[in-house]
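Enquirer: starting from these lines, generate the structure:
(2 chains, ligands or ions: 2)
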Amino acid sequence: MTNAAVAVQHQSVKADDSFLTIRKLTKKFGDVAAVDAVSLNIRKGEIFAMLGASGCGKSTLLRMLAGFEIPSSGAIVLEGQDITSLPPYERPINMMFQSYALFPHLTVEQNIAFGLERDGMPKGDITTRVTEMLELTQLKQFAKRKPHQLSGGQQQRVALARSLAKRPKLLLLDEPLGALDKKLREQTQIELVNIIDKVGVTCVMVTHDQEEAMTMASRIAVMKSGGFLQVGPPREIYETPATKYVADFIGNVNLFKGTLSVDEPDHVVIQTPECQHFVSHGITGTLGMDVHVALRPEKISLQKKAPTPQERESAREDGFNCVQGIVKNVSYLGSYTTYHVKLSTGTTLKVMNTNDARHDDHRLDWDDSVYAWWDGSDVVVLTQ
Amino acid sequence: MQRSRFGLGWMTVVFLFLYLPIFTLVVFSFNDSKLATQWGGFTLKWYAEILNDREVREALWLSLKIAFLTATASVVLGTLAAFAMVRYTKFKGRTLFSGMVNAPLVMPEVIIGLSLLLMLVSVQRAFGVPERGVLTIWLGHSLLGMAYAAVVVQSRLLELDKSLEEAAMDLGCRPHEVFRLVTLPMIAPSLLSAWLLTFTISLDDVVLSAFLSGPGSTTLPIVIFSRARLGMSPTINAIAAIMIFIVAAGVIFGSLWLARAEKRRAEEQAAAYREALPSP
Ligand SMILES: Nc1ncnc2c1ncn2[C@@H]1O[C@H](COP(=O)(O)OP(=O)(O)OP(=O)(O)O)[C@@H](O)[C@H]1O
Ligand SMILES: [Mg+2]
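Expert: Ligands and ions are numbered 1, 2, ... in the order given. As a prediction, the model looks like this:
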């Protein structure tokens, strides 16, 4: 490969990588930093979700991207152009509001055409584009209605159509499905992703619903008090959470507090009051340090008899990764069942097993004495 | 039960107290007798008399003109003031500004009238203008009307979803376009109420008009007031009845129209949700 080719390739990778770059972005309200020195690169065409509890600064960050809040410091660069101080009406960015913010005095059609008219687009082109948007969102028969004549789901689609009509470089979604009921939400998540993919727009969304973020996003940032705790694909965030907060925030988890008692390059052992946790990979830490062990409920096996060594191959020695307890709660939830197992230390272990057999001979009941064990590769050690 | 009957009785007394005089006034404007206390049969002659009474005719026309101008000016100024108070929360002297906008609501009208008169007299002495007349009454009424209009518009602006204006900006509106294309249509009903309110306030104002009117610019309430002092005459009843009709017609049509619009909206909304449900 020639030098020039390498340079070109390198450049294109770099440009792709940083379609949207946020550099040390900070927003202070008085003395409190709602967003605190956040840096981020977003790739072209990806759906990026910011996830966090109420008040963590998600909306503030999104509003800075839209131009409604002026950052206290830091920079926002979109396709090489610094847009930090551009007013909202000059940014090639459109936002879909949580409340939809449809103009109640305009029809569906006029709502969608609103932004195009502001750009002085010729009338014929506007009609074509509006029709295209109505088809994309399946709203054709509602074109002449006013927003209050639509159901919640239909209003949401109008809001989407309106924010896509100007073909923005970046689409911002603030709690896009927050106003819909649960059943409609699940169905709409997929629809929304399909439409965004079809249009190919890069998308940054904000949500406090982790399921929504996992379903829709290609990457997730977990936020807490104005900063990012972890950024990565949904799977990575779920399987290898970086901190205790992330592990607890995303999905269900069993957390044990303990100390590092064996520290080898290929495995470690964590001593907690409940049992010895054998972990089949090394970690960076020092012997005797305080750590947390995270264990997803669906990774735990449960049965009445003590597991044979073959059954628990990777746990190596007896007593590792295995506890005994009493079933205190059984919730049958159709495709799976959750159990609460009370251990001798008083801790409650959450276990989730799928119900794949129709007639389960090993059915567990309240007050059954059981063994719970798990694989050494499923244990996540958290040092923060 | 006992209590609710007591409440009902109490309410009846209050409403009788408020509306009986108005009712009698209207009835006696059709009374064919010079005596205000005695029913002498039905007649329209007092109304005919008004039609021939040049002073009353001119005063009514002047009052309507001033009320129209006042309502228009008050709504424009009041809207601007309300907008400044609601949307620009951080400018210097904001508290002083909103205090001054609202002051005419609580200040005794006599004092407003007197101070305006003193100011206008000295201005006139220095520059020769303005002559006391329509212009000065209009200024005084607008000062008062602006305060009322600002309150009405402000309350509407406060309940307006801010994200509507943000959405407009997001879609490419500059601030003045946001106001024209989104804010204004949204607050239009409150502008109408503010207009009607300030129209009636101006139409029946006596105190400010008395201070600010000049020769040849007598408004209807002042005519009524000065004639009533000379003794009640059935013509005054007729004039008052006409004013009541004007105001009541405005209020009744206004509220009917609003109620109809509200009802239609609710029905359409319900229909949209019924339709969105999957059919069984
Ligand atoms: N205009 C403002 N003035 C002062 N403080 C503000 C303002 N807007 C937001 N904040 C504060 O900044 C912090 C972050 O707010 P933000 O709205 O970004 O949270 P969020 O993550 O979107 O929460 P939610 O899920 O409740 O919407 C909060 O503590 C909030 O009180
Ligand atoms: Mg928010």
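
Enquirer: residues contacting the nearest residue to B:Tyr273 once chain neighbours are set aside?
Expert: Nearest residue to B:Tyr273, sequence neighbours excluded (Cβ to Cβ, 6 or more residues apart in numbering or on different chains): A:Ser151, at 5.1 Å. No exception for glycine: its C-beta is placed from N, CA and C like everyone else's. Contact partners of A:Ser151, counting by Cβ atoms under 8 Å, 6 or more residues apart in numbering or on different chains, are B:272-273, B:275-276.

Enquirer: go again with 7 Å.
Expert: Applying Cβ atoms under 7 Å, 6 or more residues apart in numbering or on different chains to A:Ser151 gives the contacts B:272-273, B:276.

Enquirer: longest single helix anywhere in chain B?
Expert: helix B:234-276 (DSSP state H).

Enquirer: A:Val155 touches A:Pro147, doesn't it?
Expert: Quick fix: residue A:155 is Gln, not Val. Yes. Using Cβ atoms under 7 Å, A:Gln155 is in contact with A:Pro147, at 5.9 Å.

Enquirer: one step back: over to the residue nearest to B:Tyr273: give its phi and psi.
Expert: When read as degrees, to the nearest 10, the backbone of A:Ser151 gives phi -80, psi 170.

Enquirer: likewise for B:Leu44?
Expert: phi -110, psi 10.

Enquirer: repeat for A:Thr259
Expert: phi -130, psi 160.

Enquirer: can you give me the pLDDT of the closest residue to A:Phe68 other than its chain neighbours?
Expert: Once flanking residues are discounted, A:Phe68 sits nearest to B:Glu166: 5.6 Å by Cβ to Cβ, 6+ apart. We have a pLDDT of 94 for B:Glu166.

Enquirer: quick one, the host helix or strand of B:Ala81 and helix B:234-276 angle?
Expert: In this structure, B:Ala81 is located in helix B:54-87 according to DSSP states H and E. For helix B:54-87 against helix B:234-276, the angle by axes from the mean of the first three to the mean of the last three Cα atoms, to 10 degrees is 40 degrees.

Enquirer: per-residue pLDDT, the closest residue to A:Leu102 other than its chain neighbours?
Expert: Distance criterion Cβ to Cβ, 6+ apart; nearest residue to A:Leu102, sequence neighbours excluded, is A:Pro147 at 4.0 Å. Here, the pLDDT recorded for A:Pro147 equals 92.

Enquirer: gap between A:Pro147 and ligand 1?
Expert: Using Cβ to the nearest ligand atom, to the nearest Å, A:Pro147 is found at 23 Å from ligand 1.

Enquirer: okay, now that residue: neighbour count?
Expert: Number of residues near A:Pro147 (other Cβ atoms under 10 Å in any protein chain shown) recorded here: 22.

Enquirer: thought it was touching A:Gln154?
Expert: No. With contact defined as Cβ under 7 Å, A:Pro147 does not reach A:Gln154; the gap is 8.9 Å.

Enquirer: find residues that contact each of these two.
Expert: Between them, A:Pro147 and A:Gln154 share no contacting residue, judged by Cβ under 7 Å, 6+ apart.

Enquirer: re the thing from before, out of the contacts of A:Ser151, which end up buried?
Expert: Listed as buried from the contacts of A:Ser151 are B:Ala272; burial here means 16 or more other Cβ atoms under 10 Å in any protein chain shown.

Enquirer: among the contacts of A:Ser151, find me the one that's closest to B:Ala210.
Expert: Nearest to B:Ala210, judged by Cβ to Cβ, of the contacts of A:Ser151 is B:Ala272 at 55.0 Å.

Enquirer: that closest one reaches A:Gln149, doesn't it?
Expert: Yes. If you go by Cβ under 7 Å, B:Ala272 and A:Gln149 touch, sitting 4.8 Å apart.

Enquirer: next, find the distance separating the nearest residue to B:Glu275 once chain neighbours are set aside from ligand 1.
Expert: Distances taken as Cβ to Cβ, 6+ apart place A:Ser151 nearest to B:Glu275, at 7.2 Å, with adjacent residues excluded. For A:Ser151, the distance to ligand 1 (Cβ to the nearest ligand atom) stands at 24 Å.

Enquirer: tell me the confidence at A:Ser151?
Expert: 89.

Enquirer: need the contacts of A:Ser151 in CSV (columns: pLDDT).
Expert: Shown next, in CSV, are these (pLDDT from 0 to 100):
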residue, pLDDT
B:Ala272, 81
B:Tyr273, 79
B:Ala276, 72
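
Enquirer: A:Trp199 - how many residues pack around it?
Expert: Careful, residue A:199 is Val and not Trp. 15.

Enquirer: I should have written B:Trp138 there, sorry.
Expert: 20.

Enquirer: same thing with the one 3 residues further on?
Expert: Taking other Cβ under 10 Å as the neighbour definition, B:His141 ends up with a count of 27.

Enquirer: quick one, what contacts it?
Expert: B:66, B:70, B:202, B:205, B:208.

Enquirer: enumerate every residue touching the closest residue to A:Pro92 other than its chain neighbours.
Expert: The shortest distance from A:Pro92 to any non-neighbouring residue, by Cβ to Cβ, 6+ apart, is to A:Lys169 (4.4 Å). For A:Lys169, the contacting residues are A:78-79, A:92-93, A:202, by Cβ under 7 Å, 6+ apart.

Enquirer: one more time with 8 Å, if that's ok
Expert: A:Lys169 neighbours (Cβ under 8 Å, 6+ apart): A:78-79, A:92-93, A:201-202.

Enquirer: give me phi/psi at it?
Expert: phi -70, psi -30.

Enquirer: okay, the contacts of A:Ser151 in JSON lines with distance to B:Trp10 next?
Expert: Shown next, in JSON lines, are the contacts of A:Ser151 (distance: Cβ to Cβ, whole Å):
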{"residue": "B:Ala272", "distance to B:Trp10": "44"}
{"residue": "B:Tyr273", "distance to B:Trp10": "42"}
{"residue": "B:Ala276", "distance to B:Trp10": "48"}
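
Enquirer: so which of the contacts of A:Ser151 is the closest to chain A?
Expert: B:Ala276 (3.2 Å; Cβ to the nearest Cβ).

Enquirer: measure A:Leu164 to chain B for me?
Expert: 11 Å (Cβ to the nearest Cβ, to the nearest Å).

Enquirer: find the nearest non-adjacent residue to that residue, please.
Expert: Per Cβ to Cβ, 6+ apart, closest to A:Leu164 is A:Val199, 5.8 Å.

Enquirer: now do A:Ile93
Expert: Nearest one to A:Ile93, counting by Cβ to Cβ, 6+ apart, is A:Leu170 at 4.5 Å.

Enquirer: many thanks, I have nothing further to ask.
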